[in-house]
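> This is the structure alone, sequence omitted:
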């Protein structure tokens, strides 16, 4: 299968129909709708950590999480299929949509899980999974989320530098359209407990407020 080492632009993206994926709109574990929309005291964020199966399980297990789903974002092709995303011709990353209660699990706590459970220095891959859809990404829904995410990157980069690790390649940008993945991908590891989980961190802990001072 063709794998790119860089994300494509709009002119290179494959077209698609306007027909969205048919979705079984019920979380296999919690029974909450996958399409649940946050209330005034709730938030959502999109997190890409490589293969989305293990990443989704990581988040649905946390207190304060209302709903999780897996899908595609960060690219150009509308309503892509899994096969199209894997081709590298849509520009999308595999992501987890996390709807959460900030009073129970603040964004900083979600980002600690994010940084510690994958290797954000690997560019267009994660472990043995190669391709632009496996890139590390944080897609935000507010300027506050964006600032918190950017600060957390600086904190974790300091920690990695102290352990002679490489430069973080995580993409942090405002969220664009989110396309739900096919139903068989949703809560995959609950439906298939022995299935593949690609999560694997650097072994370096995340600590907030640990940022290198500028020279």
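Now that the structure is in, tell me what you want to look at. Here the structure is a predicted model, which means the values were calculated and not measured. Residues are numbered from 1 along each chain as shown.
> Give me the buried stretch members for the longest helix along the chain, please.
When every helix of the chain is counted residue by residue (DSSP state H), the longest turns out to be helix 143-162. Within helix 143-162, the residues scored as buried using 16 or more other Cβ atoms under 10 Å are 145, 146, 148, 149, 152, 153, 155, 156, 157, 159, 160. Backbone N, C-alpha and C define where each C-beta goes, glycine included.
> The second one contacts residue 153, doesn't it?
No: distance between residue 146 and residue 153: 10.9 Å, which falls outside the contact criterion (Cβ atoms under 8 Å).
> quick one: common contacting residues for the two?
Here residue 146 and residue 153 share the contacting residues residue 172, scored by Cβ atoms under 8 Å, 6 or more residues apart in numbering.
> picking that back up, which members of the buried residues of helix 143-162 are the farthest-apart pair?
Of all pairs drawn from the buried residues of helix 143-162, the greatest distance, 22.1 Å, lies between 145 and 160 (Cβ to Cβ).
> between the strand or helix carrying residue 112 and helix 143-162, how many degrees?
Counting by DSSP states H and E, the element that carries residue 112 is helix 107-116. Here helix 107-116 points in a direction 40 degrees away from that of helix 143-162 (axes from the mean of the first three to the mean of the last three Cα atoms, to 10 degrees).
> after helix 107-116, next one along is what?
Next helix or strand after helix 107-116 toward the C-terminus (DSSP H and E): strand 125-126.
> quick one on the thing from earlier: now for the longest helix of the chain, which elements pack on it?
Packed against helix 143-162, as judged by 3 or more Cβ pairs under 8 Å, 6 or more residues apart in numbering; DSSP states H and E, are the following elements: helix 107-116, strand 136-140, strand 171-174.
> Identify all contacting residues around the helix holding residue 112.
Judged by Cβ under 8 Å, 6+ apart, the contacts made with helix 107-116 from elsewhere in the structure are 43, 45, 47, 49, 58-59, 62, 98, 100, 138, 145, 148-149, 152, 156, 201-202, 204-206, 208.
> Selecting buried members of those in ChimeraX, what would you type?
Buried members of those, defined by 16+ other Cβ under 10 Å, are picked up in ChimeraX with:
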select :43,45,47,49,58,59,98,100,138,145,148,149,152,156,201,202,206
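> Could I get the helices and strands packed on helix 143-162 in JSON lines, plus columns for mean pLDDT and distance to residue 21?
Rendered in JSON lines, the data for the helices and strands packed on helix 143-162 read as follows (pLDDT from 0 to 100; distance: least, Cβ to Cβ, whole Å):
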{"stretch": "helix 107-116", "mean pLDDT": "98", "distance to residue 21": "25"}
{"stretch": "strand 136-140", "mean pLDDT": "98", "distance to residue 21": "19"}
{"stretch": "strand 171-174", "mean pLDDT": "98", "distance to residue 21": "23"}
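> Nearest to residue 125 among those would be which one?
With Cβ to Cβ, the closest approach to residue 125 among those belongs to strand 136-140: 9.7 Å.
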